[in-house]
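> I need the structure of the sequence given here:
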Amino acid sequence: MSEIKIGDIAYLYFLINQEVDRGSSPDVSEVRDAFAAEETMELLKQYIDPSRFEPIDEEGFDAMFKRYYIPDETDLLVEDNGFLYLSANLMDIIQSGEWNDIRGEPIDTSSLTLRI
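Got it, this is the predicted structure:
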């Protein structure tokens, strides 16, 4: 069993955003297929230098995407960019995944607040 931290998701999110900024992206269908086949990280290696994944549990991320991905990109307000679809799934996982606090107790991330 793997443990994925919100910080790891944020790190991957920023790596993906860099590729979006560069204008590169797989098709939504490629990303969806990679989610279902637990091959998301292999797909990302075609666009992002794999050495940048060092802190990332690749098998854990593949399992996470397969478990939590939203199959219909339009549910995430995305139509035609695979990396935006992937980023939107990351945000959905943060807000609706099954998260635990440091003691292992379940926590509802949608109710967390930021003190300003």
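> I would like the residues contacting the helix or strand hosting L90, please.
According to DSSP states H and E, L90 maps onto helix 82-96. With contact meaning C-beta atoms under 8 Å, 6 or more residues apart in numbering, helix 82-96 is reached by 6, 9, 12-13, 16-17, 19-20, 24-32, 35, 40, 47, 64-65, 68-70, 73, 76-78, 109-110. Where you see a C-beta, it was placed from the backbone N, CA and C, and this is true even at glycine.
> can you pull the buried residues of it?
Going by neighbour count (16 or more other C-beta atoms under 10 Å), the buried part of helix 82-96 is G82, F83, L84, Y85, L86, S87, A88, N89, L90, I93, I94.
> show me where pLDDT drops low in this protein?
Flagging of the chain using pLDDT under 70 yields the residue ranges 1.
> in it, where's the longest helix?
When the chain is parsed with DSSP state H, its longest helix is helix 6-22.
> quick one, that helix and helix 82-96 angle?
160 degrees (axes from the mean of the first three to the mean of the last three C-alpha atoms, to 10 degrees).
> mind starting the numbering at 33 from now?
Yep, numbering from 33; the last one is helix 38-54 now.
> so what's the gap between the helix or strand following helix 38-54 and the chain middle?
As assigned by DSSP H and E, the chain's next helix or strand after helix 38-54 is helix 60-69. Relative to its chain's centre, helix 60-69 lies at 12 Å (C-alpha atoms, centre = their mean, to the nearest Å).
> I'd like the next helix or strand past helix 60-69.
That would be, after helix 60-69 and using DSSP H and E, helix 72-77.
> may I see the buried residues of that following helix?
Of all the residues in helix 72-77, those buried under the rule 16+ other C-beta under 10 Å are T72, M73, L75, L76.
> just the CA atoms of the helix holding L122, as CSV, please.
Extracted in CSV, the C-alpha atoms of helix 114-128 (Å, rounded to 0.1, in the frame of the first residue of the first chain):
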residue,chain,number,x,y,z
GLY,A,114,-4.9,16.0,-21.7
PHE,A,115,-2.7,17.9,-19.2
LEU,A,116,-5.5,20.1,-18.1
TYR,A,117,-7.7,17.0,-17.7
LEU,A,118,-4.9,15.4,-15.5
SER,A,119,-4.5,18.6,-13.4
ALA,A,120,-8.3,18.8,-12.9
ASN,A,121,-8.3,15.2,-11.7
LEU,A,122,-5.5,16.1,-9.2
MET,A,123,-7.6,18.9,-7.8
ASP,A,124,-10.6,16.7,-7.6
ILE,A,125,-8.6,14.0,-5.8
ILE,A,126,-7.5,16.6,-3.2
GLN,A,127,-11.0,17.7,-2.5
SER,A,128,-12.7,14.3,-2.6
